[in-house]
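Q: Predicted structure and sequence below. I'll ask about it afterward.
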Amino acid sequence: MVYTIESTKGLTKIMAIEVFNRVEKKYMIDICTYEKIQSLLKEYMVLDAFNQQSYYTIANIYYDTSEHDLIRRSIESPAYKEKLRLRGYGVPSLTDKVYLEIKKKYDGIVNKRRCAFRLDEAYQFLKTGRKPALQPYMNEQVLNEIECFLQQYPLHATTYLAYDRKAYFGKNNRDLRISFDTNIRTRKEDLQLEIGDSGRPLVDENKVLMEIKTSSNMPMWLVKLLSANRIYPSKFSKYGTAFIQSMTNEIPTQTRAKPIIQNSQTA
């Protein structure tokens, strides 16, 4: 996904490709491995524009049925699964831009459909199921798809998830993206983006979630890097893990939102 920055009347907006298909591979690594491969990545990749100084925070609210049908189905690892989430960057205000996203996965291929809204517009749409008036920043096709999704499932907010991300793009291949998510945190209460990004830790503080995203094959240098550092794929779903922990009462006491890895010298 390629991001650009646009500022209007002091408001910074994150613009992004709204529809795409790609393969996503996840790897749960420790901090030592994370630090080790940073310098190796710099030879082939460049930091995301939002990572020139530090990590940036992604915050999500996931929507599901009262019986948690979407996440229960996802955990069963079917050939096809889908989910709906509301995504913001940092802690948005009610007039800031956020995204409603339908994320589908079929036979290992991820398809994401996203449409921009003001946060208050997104809340109203999710509450009523009625589309807002079409605005220049909205994708009409995706807007219609989200409306159908809301008609198909009786959804409500179930889970808040946030994390601090560092991301890279390939120098010669912008289609290749590698991201590192730290300080992954969640909460089941206060399910609103604008009230803050605190939450309970979802994984051990020594762990970092690495994701490789591409619509083509991995380059040979990356295959060799993974092999040399014994980095192997792992099945991990943030929303799935949060759901399982909530069902088994395994989530630790809430903590303040604080990056587990401070700005490194590679940032």
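A: Here it is on my side, so go on.
Q: count of neighbours near the closest residue to Phe50 other than its chain neighbours?
A: Nearest residue to Phe50 in three dimensions, chain neighbours excluded: Tyr56, at 4.3 Å (CB to CB, 6 or more residues apart in numbering). C-beta coordinates here come from the backbone N, C-alpha and C atoms, glycine included. Tyr56 has 17 neighbours, counted by other CB atoms under 10 Å.
Q: which residues touch the residue most central in space within the chain?
A: Nearest to the mean C-alpha position of the chain, by CA atoms, centre = their mean, lies Ile58 at 6.4 Å. The contact partners of Ile58, taken as CB atoms under 8 Å, 6 or more residues apart in numbering, are 87-89, 162-163, 165, 181.
Q: Restrict the helix or strand it falls within to CA atoms and write it as CSV.
A: Assigned by DSSP states H and E, Ile58 falls within strand 56-64. C-alpha atoms of strand 56-64 as CSV (Å, rounded to 0.1, in the frame of the first residue of the first chain):
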residue,chain,number,x,y,z
TYR,A,56,3.3,5.7,14.1
THR,A,57,0.2,4.4,15.8
ILE,A,58,-2.6,2.5,14.1
ALA,A,59,-5.9,2.1,16.0
ASN,A,60,-8.7,-0.2,15.0
ILE,A,61,-12.2,-1.0,16.2
TYR,A,62,-13.5,-4.4,15.0
TYR,A,63,-17.2,-5.1,14.4
ASP,A,64,-18.9,-8.4,14.8
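Q: Check which element follows it along the chain.
A: Following strand 56-64 in sequence order, the next helix or strand is helix 69-75 (DSSP H and E).
Q: Low-confidence stretches in this structure?
A: 1-20, 250-267 (pLDDT under 70).
Q: ok, which stretches of it are helices?
A: 31-41, 69-75, 119-128, 140-152, 220-228, 238-248 (DSSP state H).
Q: Would you mind saying which of those helices lies nearest Leu176?
A: Taking CB to CB, helix 220-228 is the member of these nearest to Leu176, at 7.7 Å.
Q: What helices and strands are in contact with that closest one?
A: On a contact count with 3 or more CB pairs under 8 Å, 6 or more residues apart in numbering; DSSP states H and E, helix 220-228 meets helix 31-41.
Q: For the helix it packs on, buried residues please.
A: 34, 37, 41 (16 or more other CB atoms under 10 Å).
Q: the inter-axis angle of it versus helix 220-228?
A: 160 degrees (axes from the mean of the first three to the mean of the last three CA atoms, to 10 degrees).
Q: any idea how far the top strand by length along the chain is from the chain center?
A: Counting residues, the longest strand found in the chain (DSSP state E) is strand 156-170. Mean-position distance between strand 156-170 and its chain equals 3 Å (CA atoms, centre = their mean, to the nearest Å).
Q: same question, stretch 21-40
A: 15 Å.
Q: same question, stretch 189-209
A: On the basis of CA atoms, centre = their mean, stretch 189-209 sits 12 Å off its chain's mean C-alpha point.
Q: mind listing what's buried in it?
A: Buried residues in stretch 189-209, counted by 16+ other CB under 10 Å: 191, 193-194, 197-203, 207-209.
Q: ok, now stretch 169-187?
A: By 16+ other CB under 10 Å, the buried positions in stretch 169-187 come out as 169-170, 176-187.
Q: Check stretch 133-142 too.
A: Within stretch 133-142, the residues that count as buried by 16+ other CB under 10 Å are 138-139, 142.
Q: Just tell me which of the helices of the chain ends up closest to Leu134.
A: helix 140-152 (5.8 Å).
Q: The closest one packs against which elements?
A: Under the contact definition 3+ CB pairs under 8 Å, 6+ apart, helix 140-152 sits against strand 80-89, strand 97-106, strand 109-118, helix 119-128.
Q: Cheers, nothing more for now.
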